[in-house]
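Need coordinates for the below:
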Amino acid sequence: MTDDSQTFRAAMAQLGSAVCVLSTDGEAGRYGITASAVTGVSDNPPSLIICVNRSSGANAVIKGNGHVCVNVLSCEQEAISAAFSDKEIMPEQRFETGNWYVSGLGNPKLAETAASFDCVIDKTVEYGTHSVFFCQVREINLSENENCLIYHGRAYHKIEAFG
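This next block holds a predicted model:
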């Protein structure tokens, strides 16, 4: 088994994934970050896992608030992904990019996404450098605009539905 993190990262760059913005607001504060480590767990109950680096400012805020919205970005929202991954932009200023409203759980929810999942955190597992959040989905919004932004090979790609 290799212990080479650079080789691991290069191989993971070949694993394409949807680009999401994780957003939360509550007693622990308001925060949002771009993430691609999101996947479905089960449809009964509807649930996701999200992985967030423990050194990220978002990690403690998500834990403190106990809920998060997973906003799956559409092809037209690449600039939003860039804003929420830019360490030079203060967390509160990131929300100046895009059209936001408040979800039923109190999370910032992005308009015009490919989909969004409003979730409560059910369980957290610490593993390596990351926290793995098991999230129960409370509300789903699915756009009629069936396209999403994909990150693969360290670059954005636009995937549009076949019609």
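
If the closest residue to residue 107 other than its chain neighbours is in a bridge, with which residues?
What sits nearest to residue 107 in space, not counting adjacent residues and going by Cβ to Cβ, 6 or more residues apart in numbering, is residue 69, at 3.8 Å. Glycine gets a C-beta too; all of them are placed from N, C-alpha and C. Residues in a beta bridge with residue 69, per DSSP bridges, are residue 23, residue 118.

How about the contacts made by residue 69?
Listed by Cβ atoms under 8 Å, 6 or more residues apart in numbering, the contact set of residue 69 reads 22-24, 103, 105, 107-110, 116-119.

got it, and residue 50?
So residue 50 contacts 22, 35, 37-38, 68, 70, 132-133, 135 (Cβ under 8 Å, 6+ apart).

got CSV for those, with distance to residue 156, pLDDT and neighbour count too?
Compiled in CSV, the contacts of residue 50 are given as follows (distance: Cβ to Cβ, whole Å; pLDDT from 0 to 100; neighbours: other Cβ atoms under 10 Å):
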residue, distance to residue 156, pLDDT, neighbour count
22, 18, 98, 26
35, 14, 96, 25
37, 16, 94, 15
38, 16, 97, 19
68, 23, 98, 32
70, 18, 98, 24
132, 25, 98, 15
133, 24, 98, 23
135, 25, 98, 26
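
Quick check, pLDDT for the residue nearest to residue 107.
According to the prediction, residue 69 has pLDDT 98.

cool, and residue 123?
So residue 123 comes in at 98 (pLDDT).

Now do the helices in the chain.
5-12, 57-65, 78-85, 91-94 (DSSP state H).

list the buried ones in the lowest-mean-pLDDT helix or strand in the chain?
Ranked by mean pLDDT, DSSP states H and E, the weakest helix or strand in the chain is strand 155-160, scoring a mean of 82. Neighbour-count burial for strand 155-160, with 16 or more other Cβ atoms under 10 Å as criterion, is recorded at residue 159.
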